[in-house]
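1. sequence unavailable; structure follows:
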């Protein structure tokens with residue numbers, strides 16, 4: 001997969017998570033060990049100082065993500081105190097999954113979210129292709145033309161059609177995911 005395709009794919013996944021309003025529970029590897037965090041609003045956390053996301057799960061509510069992260073962290077703290085051993089990635093993952101199960105919070109893996117997002121994006125691409133075959137892209141192309149005229153009038157750079165179309169598809173993914181939020 002080339003860089004453009006990776007960027008396109010990550011844009012669809014981010015739009016899907018944003019549309020669903022997902023929050024992350026992440027296991028972060030730091031120089032001093034592994035810690036568990038909750039990240040609101042489905043934003044990819046950015047880390048400095050050698051911190052690496054080891055694993056991440058997604059849930060529908062930020063409050064649930066915080067509860068799971070707190071319970072899993074407490075579980076790891078108790079384990080560390082009794083066993084006097086640093087946590088490894090598998091024990092952290094197990095702590096997160098057990099905490100979620102105990103709190104009755106459904107978690108989705110990173111892979112499951114990517115798969116769902118790409119399936120939705122694929123359906124959108126199929127529909128756009130169908131519209132292209134029957135000449136149904138007139139309104140979309142008119143939207144691009146209007147965007148181009150307005151952006152040029154402001155003296156700003158205009159996105160290429162393909163880039164604009166990718167943003168258009170991301171917005172469709174976001175909007176469709178938002179409609180799925182309450183199902």
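-> That came through fine. Worth saying up front: this structure is predicted, and the values here are computed from it rather than measured. Numbering: from 1, shown residues only.
2. all strands for the chain, in order.
-> Per DSSP state E, the chain carries strands over the ranges 23-30, 33-39, 52-59, 108-109.
3. so which of those strands has the densest surroundings on average?
-> Ranked by mean neighbour count under mean count of other Cβ atoms under 10 Å, the strands of the chain are led by strand 23-30, which reaches a mean of 22. All C-beta atoms are positioned from the backbone trio N, CA, C, and that covers glycine.
4. output the contacting helices and strands for the longest helix belonging to the chain.
-> Longest helix in the chain, counting residues (DSSP state H): helix 110-133. If you count contacts as 3 or more Cβ pairs under 8 Å, 6 or more residues apart in numbering; DSSP states H and E, helix 110-133 packs onto helix 3-20, strand 52-59, helix 161-180.
5. and the ones you listed: which comes nearest residue 94?
-> Comparing the helices and strands packed on helix 110-133 against residue 94 with Cβ to Cβ, the closest turns out to be strand 52-59 (10.7 Å).
6. now the angle between helix 110-133 and the closest one, please.
-> Here the directions of strand 52-59 and helix 110-133 differ by 70 degrees (axes from the mean of the first three to the mean of the last three Cα atoms, to 10 degrees).
7. relative to strand 33-39, how tilted is strand 52-59?
-> Using the same axes, to 10 degrees: strand 52-59 against strand 33-39 is 40 degrees.
8. just the residues contacting strand 52-59, thanks.
-> 17, 22-29, 34, 42, 45, 47, 65, 68, 89, 92-93, 96-97, 100, 105-110, 113 (Cβ atoms under 8 Å, 6 or more residues apart in numbering).
9. for residue 98, which non-adjacent residue is closest in space?
-> In this structure, residue 98 finds its nearest non-sequential neighbour in residue 75, 6.9 Å apart by Cβ to Cβ, 6 or more residues apart in numbering.
10. nearest to residue 128, of the helices and strands packed on helix 110-133?
-> Residue 128 lies closest to helix 161-180 among the helices and strands packed on helix 110-133, at 7.3 Å (Cβ to Cβ).
11. before we move on, back to that, list the buried ones in the longest helix of the chain?
-> 113, 114, 116, 117, 118, 120, 121, 124, 128 (16 or more other Cβ atoms under 10 Å).
12. the last one reaches residue 169, doesn't it?
-> Yes: under the criterion of Cβ atoms under 8 Å, residue 128 is in contact with residue 169, at a separation of 7.3 Å.
13. what's around residue 107, how many residues?
-> Neighbour count for residue 107, taken as other Cβ atoms under 10 Å: 20.
14. close enough to count as contact, it and residue 65?
-> No: the criterion here is Cβ under 8 Å, and residue 107 misses it with residue 65 at 9.0 Å.
15. this structure - how does it break down into domains?
-> For the chain, automatic domain parsing gives the domain ranges 19-110, 111-180.
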